[in-house]
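[1] What would the 3D arrangement of this be:
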Amino acid sequence: MSLQVIPSVDLRGGRVVRLKQGDYGRQINYDVDPIEVARAYAAGGGGWFHIVDLDGAKEGKPMQTPLIERMIAESGMKVQVGGGFDRRMIFSGCWRRGPAESSWGRGRWRIGSGLSGS
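    Modelled structure (predicted):
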């Protein structure tokens, strides 16, 4: 069995950020383009990356779907995504841009050549 490292990007307001200890009041902003970050991960040879829609997590519904779809489309990578997504959105075709995996609570759903849940 091999170890696979999956880099992560947190998005808030269309920007790449980090929350200190999950506190929205203690946000660190990074002066980078989220699309370029996704492309850089792909250029580095990664197979997957993880995106968290922090606005979606706070609001309980996806808030940055167009940006996330562009990140998937322009990187060509497989993506795990979390933050405000649920089964209904996955089954309704929320992700049309390529292979993706949605995570919420303890559930995960994979979209690509087929749909599977765990």
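[2] which residues does the residue nearest the centre of the chain bridge with?
    Central residue of the chain (C-alpha atoms, centre = their mean): I51, 2.2 Å from the mean position. Here I51 sits in beta bridges with V9, V81, going by DSSP bridges.
[3] pretty sure it is in contact with S75, am I right?
    No - counting by C-beta atoms under 8 Å, I51 does not reach S75; the two are 10.2 Å apart. For glycine as for every other residue, the C-beta is placed from the backbone atoms N, C-alpha and C.
[4] any chance you could map the helices in this structure?
    Secondary structure of the chain (DSSP state H): helices at 34-43, 54-59, 65-75, 87-91.
[5] Could you dump those helices into a markdown table with mean neighbour count added?
    Formatted as a markdown table, these follow (neighbours: other C-beta atoms under 10 Å):
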| stretch | mean neighbour count |
| --- | --- |
| helix 34-43 | 17 |
| helix 54-59 | 18 |
| helix 65-75 | 19 |
| helix 87-91 | 14 |
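[6] mind checking which of the ones you listed is nearest V9?
    Ranking these by proximity to V9 (C-beta to C-beta) places helix 34-43 first, at 5.7 Å.
[7] what's the distance between that closest one and the middle of its chain?
    13 Å (C-alpha atoms, centre = their mean, to the nearest Å).
[8] follow-up on the earlier one: now the helices of the chain in TSV, with distance to V9?
    Listed next are those as TSV, based on distance: least, C-beta to C-beta, whole Å:
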stretch	distance to V9
helix 34-43	6
helix 54-59	10
helix 65-75	8
helix 87-91	19
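[9] Tell me which of those sits nearest to L19.
    From the helices of the chain, taking C-beta to C-beta, the stretch that ends up closest is helix 54-59, at 6.8 Å.
[10] So which elements touch that closest one?
    Judged by 3 or more C-beta pairs under 8 Å, 6 or more residues apart in numbering; DSSP states H and E, helix 54-59 is in contact with strand 8-12.
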